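In: can't give you the sequence, but here's the structure:
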């Protein structure tokens, strides 16, 4: 099994643990760091929708908790008929720890797949370097 297949299996496993009773839209994310460590996350919804946690943020939180800070690759999976691109907030969270050329693999039902870069999602992004003086 190659690295991307392993990431897909972990993202599927994470999605299977999703807590999404309101949207019925499970999502699983797997992040590979520059040290080749894999971290997963899933979405956790809340009746107060602004308190909902996305899968990408959960995976980044696990990565940070483990002391890692550099994303090399991201895979996002949802068992739905359409691909699930990260929301605007998650794009910014990923931007904090990934370079513009980081590949983001989107997977859906029946092997539906597309790979894009963070730069394609955030063409004129704002990152940590913008705050340096």
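Out: Perfect, thanks for sending it. Note that this is a predicted model, so its numbers are computed, not measured. Numbering: from 1, shown residues only.
In: count the neighbours of residue 109 for me.
Out: 12 (other Cβ atoms under 10 Å). For every residue, glycine as well, the C-beta is placed using N, CA and C.
In: let me see the confidence value for the residue nearest to it when sequence neighbours are not counted.
Out: Excluding its sequence neighbours, the residue lying closest to residue 109 (Cβ to Cβ, 6 or more residues apart in numbering) is residue 81, at 5.3 Å. Per-residue pLDDT puts residue 81 at 89.
In: residues in contact with residue 97?
Out: Residue 97 sits next to 60, 63, 69, 70, 71 when contact means Cβ atoms under 8 Å, 6 or more residues apart in numbering.
In: return the distance of it relative to residue 104.
Out: Residue 97 is 13 Å from residue 104, where distance means Cβ to Cβ, to the nearest Å.
In: please apply the same query to residue 10.
Out: From residue 10 to residue 104 the distance is 15 Å (Cβ to Cβ).
In: higher neighbour count, the two?
Out: When residue 10 and residue 104 are compared for neighbours, residue 104 comes out ahead with 24 against 21, by other Cβ under 10 Å.
In: dump the residue contacts of that one.
Out: 73, 74, 75, 76, 86, 94, 115, 116, 117, 118, 121.
In: avg pLDDT for whichever strand or helix holds it?
Out: Secondary structure assignment for residue 104, by DSSP states H and E: strand 103-107. On average, the pLDDT along strand 103-107 is 98.
In: starting from it, tell me which strands it pairs with and how they run.
Out: Strand 103-107 has its sheet partners listed here by DSSP bridges as strand 71-77 (parallel), strand 113-117 (antiparallel).
In: what sits up against the first one?
Out: This means strand 71-77. With Cβ under 8 Å, 6+ apart as the test, strand 71-77 has contacts from 3-4, 7-8, 11-12, 14-15, 27-34, 36, 55-56, 60, 63, 84-86, 94, 97-98, 102-108, 118.
In: thank you, goodbye.
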